[in-house]
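Visitor: coords please:
(2 chains)
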Amino acid sequence: MIISDLLEETFLALSSNKVRSGLTILGIIIGISSVIAMVSIGQGSQASIQASIQSIGANLIQVQPGSQRSFAGVATQRGSAKSLTAEDAQAIADEISVAQAVAPEVSSRYQVAVKGTNTNTSIVGTTSSYTQVRNVQVIEGNFITDQQNSSVAKVAVLGPTVSTDLFGEGVSPVGQTIRINGSQFTVIGLTVIKGGSSFSNQDDMIFIPLSTAQRYFSGDEYVTSISVQATSEKTVDELETEITNLLLSRHHLDAASADFSILNQADIIATASSVTETFTTLLAAVAGISLVVGGIGIMNMMLTSVTERTKEIGLRKAIGAKRKEIEQQFLVESVMLTLAGGIIGIALGLGISYVVSVLGIVSTSVSWSSVLLAFGVSAAIGIVFGYYPARRAAGMNPIVALRYE
Amino acid sequence: MAVHFPRNHMIEVKNVSKTYVTGAGSFDALKEVSFTIHDGEFVAIMGPSGSGKSTLMHILGALDVPTNGTYVLDGKDVSTLSEDELADIRREHIGFVFQSFNLLPRASVIRNVTLPLVYKQIPKEQREKIATASLKSAGLDEQYFYHLSNQLSGGQIQRVAIARALVNQPSLILADEPTGNLDSHTGQIVLETFQKLNREEKRTIILITHESDVAEHADRIIFIRDGAIESDKPV
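Guide: Take a look at the predicted model:
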């Protein structure tokens, strides 16, 4: 049998039973479309989590004070200890070559008031390097300068959320006076909207000079964290090691009793990625199961079809069809079914992930490899689940088949 | 005095036996059957049900092979062939007409008749021409050529089946109770069609039947009973 005849026979056989063919491929359509949609949703959320972590700053390492331990070994909250100082930050900047920029921070929440309105927000005392390290840009006015830091100036840079809360939408806060925990500050700048990042929302912050925060609010020389940016992605690990060594020697400690901890952004991304990957795999596995169920549906239909067409198979054999030709015919039928289901399923899956994106639920990302894979899988299902029915048809004895009623 | 044509020995059946082994024991459906059929003959194989005529038909039609003995068709020994080689024999040498017609129900007349040509790998553009010629030989009116086969009457359906049997230019047409599902008038027309094909186109036809008035349309009747030939004589 030549290929065009084979395809014609297949088309005629499938179209003579449109409803049954349609219902059978529904299983494949659902399976394939859910694989595509689920994988795109999983990969989309993975990408958005990564982007959100990256937005905090690139190649970032955060040094935090360790937990304070009592003699009984009971540990308090991590970061609650006071072990890091602005001098530690200065030492990192001066002595480690792969540290491109260093921004120490003192942060705490305070009540902020302006002419009858007030809000409660994070007050971050920091230095001019903060803009570079944490990827913050100023849209209006200026960020804190080194000079303001050394003069312990009472100036503040507002995040867009705080500005809206205090002054209303679209009103420029620059030049206004605000009261933070009772002290008067002059607003000198407004930062760009960064959007909600799930870890720390930099839109809802007020930045003031580090020295000012230490003098007026915390009252000591300690810092709550030091953010360090590595010169490149490759030097992040080296930076981590060097900071550890430097701080241990400055604090006269050994590794076992370190009074600080280091958070590597790459580690956070890796952890978050592994979570979303597991999530994606789980979704794909569930969708995959439905694909197998769809395949069993195909097999069921093909077996029914083979039984129904026993006489036809007998006739085909009587007029000279070989075993292989009968087997091919039924195999092509099931592959056609699953491929049709696969194509419709891919279209539907792309549609679903597009709609999910447009509705803003999750921004999805369709990988073409998953589309190709789905296409291949649907063809493979046709072969795997069509093989047994096709074998059964091919193995029929023509005499018995012709007599079948 | 009758004129003698030099005739080929088209079918030679020699000592053919067929034994079926079942759970209860073995059963001899055919016992040492021998006969010769020449090119262009119209032979009826007759016998009551259970006589072994169906088994003989299956062997003559290369659907089955004998347990013992030889069956030579067109100079080729068919009795020892494999499944696929038997399929080749059926495709090239034999045209079947069945009692239950066995047309593809949702396909047109033309498609039914061209089906053997598909397996014979005849180019598409030649098929319809060959099929049309066969349908004319089988006596089907041209207006029905593109009808679906389930829209036709019994007599028309059997003509389509005959056309399908003719289309691969077989050396032998095997008709298995071709009138069994037809009323006597339609049956008569179908039998006359076979006679016409035999006389005008010199087709070799073997007709399997259990009815003597059907068998009498042939030129020679081989009567089988209990797996053996009881008589073999011209009509």
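
Visitor: Quick one: the helices in chain B, in order.
Guide: Using DSSP state H, the helices of chain B run over residues B:53-60, B:83-93, B:109-119, B:124-137, B:154-166, B:184-201, B:212-215.

Visitor: er, the stretch 301-405 of chain A I mean
Guide: With DSSP state H, counting those that start in this stretch as the criterion, the stretch 301-405 of chain A has helices at A:310-318, A:323-358, A:368-394, A:398-403.

Visitor: Include mean pLDDT when you put the helices of chain B into TSV, please.
Guide: As requested, the helices of chain B are exported to TSV (pLDDT from 0 to 100):
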stretch	mean pLDDT
helix B:53-60	94
helix B:83-93	94
helix B:109-119	94
helix B:124-137	93
helix B:154-166	93
helix B:184-201	92
helix B:212-215	93
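
Visitor: Can you say which of the helices of the stretch 301-405 of chain A is packed in most?
Guide: Greatest average neighbour count among the helices of the stretch 301-405 of chain A goes to helix A:310-318 (a mean of 24), per mean count of other CB atoms under 10 Å in any protein chain shown. Every C-beta, even on glycine, is put in place using the N, C-alpha and C of the backbone.

Visitor: Give me the angle between that helix and helix B:83-93.
Guide: Helix A:310-318 and helix B:83-93 are oriented at 80 degrees to each other (axes from the mean of the first three to the mean of the last three CA atoms, to 10 degrees).

Visitor: between helix A:310-318 and helix A:368-394, how big is the angle?
Guide: Angle, helix A:310-318 to helix A:368-394, by the same axes, to 10 degrees: 80 degrees.

Visitor: And chain B, is helix A:310-318 touching that?
Guide: Yes - Helix A:310-318 is in contact with chain B by CB under 8 Å from any CB of the partner chain, via A:311-312, A:314-318.

Visitor: Tell me the bridge partners for residue A:103.
Guide: Beta-bridge pairing of residue A:103 under DSSP bridges involves residue A:227.

Visitor: Which one of the helices of the stretch 301-405 of chain A lies nearest to residue A:15?
Guide: helix A:323-358 (10.6 Å; CB to CB).

Visitor: Looking at chain B, what residue ends up closest to chain A?
Guide: Nearest residue of chain B to chain A (CB to the nearest CB) works out as residue B:91 at 2.4 Å.

Visitor: I'd like the distance between residue A:19 and residue A:301.
Guide: 11 Å (CB to CB, to the nearest Å).

Visitor: When these two are compared, which one has more neighbours?
Guide: Set residue A:19 next to residue A:301 and count neighbours by other CB atoms under 10 Å in any protein chain shown: residue A:301 wins out with 23 against 7.

Visitor: So that one is in contact with residue A:20, correct?
Guide: Yes - taking contacts as CB atoms under 8 Å, residue A:301 lies within contact range of residue A:20: 6.4 Å.

Visitor: got the contact list for residue A:15?
Guide: By CB atoms under 8 Å, 6 or more residues apart in numbering or on different chains, the contact set of residue A:15 is residue A:21.

Visitor: Domain parsing of chain A, as residue ranges.
Guide: Using automatic domain parsing, the domain parsing of chain A gives A:3-52+A:271-403, A:82-258.

Visitor: Same list (these) but as TSV, adding mean pLDDT.
Guide: Output for the domains of chain A, formatted as TSV (pLDDT from 0 to 100):
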stretch	mean pLDDT
domain A:3-52+A:271-403	90
domain A:82-258	88
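
Visitor: Tell me the predicted confidence for the residue nearest the centre of chain B.
Guide: In chain B, the residue lying closest to the centroid (CA atoms, centre = their mean) is residue B:174, at 0.6 Å. Looking at residue B:174, its pLDDT reads 95.

Visitor: go on, the one 3 residues further on?
Guide: The per-residue pLDDT reported for residue B:177 equals 92.

Visitor: Give me the neighbour count for the spatially closest residue to it that is not a sequence neighbour.
Guide: For residue B:177, ignoring the flanking residues on the chain, the nearest one in space by CB to CB, 6 or more residues apart in numbering or on different chains is residue B:99 at 3.9 Å. Neighbourhood size, residue B:99 [other CB under 10 Å]: 18.

Visitor: Distance check, the nearest residue to residue A:337 once chain neighbours are set aside against chain B.
Guide: Using CB to CB, 6+ apart and skipping residues adjacent in sequence, the residue nearest residue A:337 is residue A:25, 5.3 Å away. Residue A:25 sits 20 Å away from chain B, going by CB to the nearest CB, to the nearest Å.

Visitor: Distance of residue A:25 relative to residue A:284?
Guide: Per CB to CB, residue A:25 is found 21 Å from residue A:284.

Visitor: Just give the number of residues close to the residue of the stretch 51-200 of chain A found nearest chain B.
Guide: Using CB to the nearest CB, the single residue of the stretch 51-200 of chain A nearest to chain B is residue A:51, 56.8 Å away. For residue A:51, the count of nearby residues is 12 (other CB under 10 Å).

Visitor: Three-state assignment for it, please.
Guide: Following DSSP: H, G, I helix; E, B strand; the rest coil, we place residue A:51 in the helix state.

Visitor: Around residue B:164, count how many other residues there are.
Guide: By other CB under 10 Å, 28 other residues sit near residue B:164.

Visitor: who's in contact with it?
Guide: Residues near residue B:164 by CB under 8 Å, 6+ apart: A:319, B:95, B:103, B:112-113, B:115-116, B:134.

Visitor: can you pull the contacts of residue A:166?
Guide: The contact partners of residue A:166, taken as CB under 8 Å, 6+ apart, are A:112, A:114, A:117-119, A:158, A:173, A:178.

Visitor: Likewise for residue B:108?
Guide: B:145-149.

Visitor: Tell me which residues of stretch A:16-28 come out buried.
Guide: Of the residues in stretch A:16-28, A:17, A:21, A:24-25, A:27-28 count as buried by neighbour count, 16 or more other CB atoms under 10 Å in any protein chain shown.

Visitor: Give me the subset of these that lies in strands.
Guide: Within the buried residues of stretch A:16-28, no residue falls in strands by DSSP state E.

Visitor: between the residues you listed, which is nearest chain B?
Guide: residue A:17 (9.1 Å).

Visitor: thinking again about what came up before, how far away is the residue nearest to residue B:177 from residue B:54?
Guide: In this view, residue B:99 and residue B:54 are 11 Å apart by CB to CB.

Visitor: Could you pull out the residues contacting both of the two?
Guide: Overlap of the contact sets of residue B:99 and residue B:54 (by CB under 8 Å, 6+ apart) consists of residue B:176.

Visitor: about what we covered before: didn't the residue of chain B closest to chain A look like it was pressed against residue B:121?
Guide: No - under the criterion of CB under 8 Å, residue B:91 is not in contact with residue B:121, lying 9.7 Å apart.

Visitor: Comparing the two, which shows the higher neighbour count?
Guide: The residue with more neighbours, out of residue B:91 and residue B:121, is residue B:91; 21 against 10, by other CB under 10 Å.

Visitor: Name the nearest residue to that one, sequence neighbours excluded.
Guide: Sequence neighbours aside, residue A:320 is the residue nearest to residue B:91 in space, at 2.4 Å (criterion: CB to CB, 6+ apart).

Visitor: tell me the contacts of that neighbour?
Guide: Counting by CB under 8 Å, 6+ apart, residue A:320 touches B:87-88, B:90-92, B:116, B:119-120, B:168.
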